[in-house]
Every structure is written in C-alpha cells, then in structure tokens.
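Enquirer: sequence and computational prediction follow.
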Amino acid sequence: MALETSFGKIGEAALVAPYPIGSDEKWVDPPEKDAEFSALKGLSLEARARRRTESVWREIDKSCVVGSKRY
C-alpha cells in the first residue's frame with residue numbers, strides 16, 4: 001500500500017497540479033481536511049488513527065475551486 005500511495009502522490013504532483021490551465025486556482029489540500037487534522041495534534045497515535053478512520057476527508061486528496069464550483 002505504501003508504494004501505491006507514493007506512486008499516486010508522484011502522479012498527482014506531476015499531472016494534476018498544473019490544472020486547470022489558465023486559472024489562478026490550483027489543486028490544494030481541502031481547508032476542512034487541514035483543520036480537522038490539525039485538531040488531532042497532541043493525541044496519541046492510536047487516538048489519532050481512530051479519529052482519522054471516522055473522517056469524511058480521509059479519502060479526499062485535493063480540491064479546486066473554479067468559478068463558483070468546487071471539485
């Protein structure tokens with residue numbers, strides 16, 4: 001799984017990051033995911049892992065806003 005994750009992150013960085021072309025908006029970590037994960041700081045590894053399994057943002061890697069639509 002770690003190799004698949006590493007390969008996926010390399011692919012995302014190389015192929016997805018430049019899009020959408022001609023827009024100032026780029027793919028970034030969702031702010032909700034960042035806020036949720038920063039709230040887990042200070043917890044033990046077990047507690048953090050337990051809370052992350054309940055997160056709806058766990059599977060969302062990146063988000064982008066184009067116009068009024070978020071992808």
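Expert: That came through, no problem.
Enquirer: check contacts around the residue nearest the centre of the chain.
Expert: In the chain, the C-alpha nearest the mean C-alpha coordinate belongs to Asp61, at 2.9 Å (CA atoms, centre = their mean). Asp61 is in contact with Glu12, Asp29, counting by CB atoms under 8 Å, 6 or more residues apart in numbering. Using the backbone N, CA and C atoms, a C-beta is placed for each residue, glycine as well.
Enquirer: so it lies in a helix, does it not?
Expert: No: counting by DSSP: H, G, I helix; E, B strand; the rest coil, Asp61 is not part of a helix but coil.
Enquirer: so what's Glu32 up against?
Expert: By CB under 8 Å, 6+ apart, the neighbours of Glu32 are Trp57.
Enquirer: so how far is Ile10 from it?
Expert: 25 Å (CB to CB, to the nearest Å).
Enquirer: next one: Ser44
Expert: 31 Å.
Enquirer: and what of Trp57?
Expert: 22 Å.
Enquirer: more crowded one of the two?
Expert: Taking other CB atoms under 10 Å, Trp57 and Ile10 do not tie; Trp57 has more neighbours (17 against 10).
Enquirer: so which helix or strand takes in the closest residue to the more buried one other than its chain neighbours?
Expert: Closest residue to Trp57 apart from its sequence neighbours, by CB to CB, 6 or more residues apart in numbering: Lys33 at 3.8 Å. If you go by DSSP states H and E, Lys33 is part of helix 31-38.
Enquirer: if anything else comes up later, I'll come back, but that's it for now.
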